[in-house]
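In: model this:
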Amino acid sequence: MPSGVTTTFIIAEALFLGTGVMIAVATVLWMKEVNNAPTTSSVARLILISHFPMQALLANAIMIFITTLNSVPALLMPTSRVWLKFHGWLVVLCAIFTLILGLNEWLQTLTTRANLLTYWGQQPDNVQSLVQEKFNCCGYTNYTTPPFITDSVCPSAEIAAARGGCVGPFAQYAERFLNLVFTAAFGVVGLDMLLLLSLAMVIKRRKESLRYRRIDEKRGMGSI
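Out: Here you go, the predicted model:
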């Protein structure tokens, strides 16, 4: 029967593995989604996720899976601390990797409007039109900068001038979406720290057990 410390470690390890599954599933879904034709409801999200570092996200998930596999020998050898320490360093690497990805998305929120202007200029006319339909706006800054795409929302310059540019609502949407992404990344780092704490407790317990066993052996009681 595993001790409370070991049980805590196993639970933390399961949560750690769960974060890897979450990152992998989200990345695969995003990679499939960016290949779909945009619609009014999905166009803003597609523009944003198309600039996500998908390969880095997948690499992060793979690192988490490899690190979890490394915990198996640590559990199968209840007296060894070498595998636990090695496992701890791998967890630290995963946490740093995830933190960098989260900080990257957080930095994007500091320059949202400038980034969105670049993204806007990269889109074909039909995608810009979908953005105008989604946010009921015309052009990026206003209907003249860049010039708006004529569609059902912006059929004329007079109506386009009254509706205003897309920068405001688009930026608000992007900031909310990116906030969710980097908050999730920081949450994963928090779970990594929980696993490290549980690892430290298991290492300390094994160290104490070894010390007591050596004391018993010196007293001629043998290992207990």
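
In: if you skip the residues just before and after it, what's nearest to residue 128?
Out: Nearest in space to residue 128, with sequence neighbours left out and distances taken as CB to CB, 6 or more residues apart in numbering, is residue 149 at 4.9 Å. (C-beta placed from N, C-alpha, C; glycine too.)

In: burial of the one you found, as a residue count?
Out: Look at residue 149: counted by other CB atoms under 10 Å, it has 20 neighbours.

In: do residue 199 as well
Out: Residues within reach of residue 199, counting by other CB under 10 Å, total 20.

In: just checking, what packs against the helix or strand hosting residue 18?
Out: Using DSSP states H and E, residue 18 sits in helix 4-33. Helix 4-33 sits against helix 43-49, helix 54-76, helix 167-218, with contacts defined as 3 or more CB pairs under 8 Å, 6 or more residues apart in numbering; DSSP states H and E.

In: Quick one: work out the angle between it and helix 167-218.
Out: Counting by axes from the mean of the first three to the mean of the last three CA atoms, to 10 degrees, helix 4-33 points 150 degrees away from the direction of helix 167-218.

In: May I have the residues that are in contact with residue 174?
Out: Contacts were defined as CB atoms under 8 Å, 6 or more residues apart in numbering; by that measure residue 174 touches 44, 48, 109, 112, 115, 116.

In: do the same with residue 131
Out: Listed by CB under 8 Å, 6+ apart, the contact partners of residue 131 are 43, 44, 47, 120, 123, 137, 166, 170.

In: 7 Å instead, please
Out: For residue 131, the contacting residues are 43, 44, 166, 170, by CB atoms under 7 Å, 6 or more residues apart in numbering.

In: hang on, the second one packs against residue 171?
Out: Spelled out, that is residue 44. No. Checked against CB atoms under 7 Å, the pair residue 44 and residue 171 is beyond contact range at 10.5 Å.

In: between those two, which one's more packed in?
Out: Higher neighbour count among residue 44 and residue 171: residue 44, with 22 against 17, using other CB under 10 Å.

In: Distance of the more buried one relative to residue 120?
Out: Distance of residue 44 to residue 120, given as CB to CB, to the nearest Å: 11 Å.

In: and the helix or strand where residue 86 lies with helix 4-33, angle?
Out: Per DSSP H and E, residue 86 falls inside helix 82-110. Angle, helix 82-110 to helix 4-33, by the same axes, to 10 degrees: 40 degrees.

In: tell me what helix 82-110 is packed against?
Out: helix 54-76, helix 167-218 (3 or more CB pairs under 7 Å, 6 or more residues apart in numbering; DSSP states H and E).

In: Dump those helices to CSV, plus distance to residue 14 and mean pLDDT.
Out: Converted to CSV, these look like this (distance: least, CB to CB, whole Å; pLDDT from 0 to 100):
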stretch, distance to residue 14, mean pLDDT
helix 54-76, 9, 92
helix 167-218, 10, 86
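
In: a markdown table for those helices, including distance to residue 92?
Out: Formatted as a markdown table, these follow (distance: least, CB to CB, whole Å):
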| stretch | distance to residue 92 |
| --- | --- |
| helix 54-76 | 10 |
| helix 167-218 | 7 |
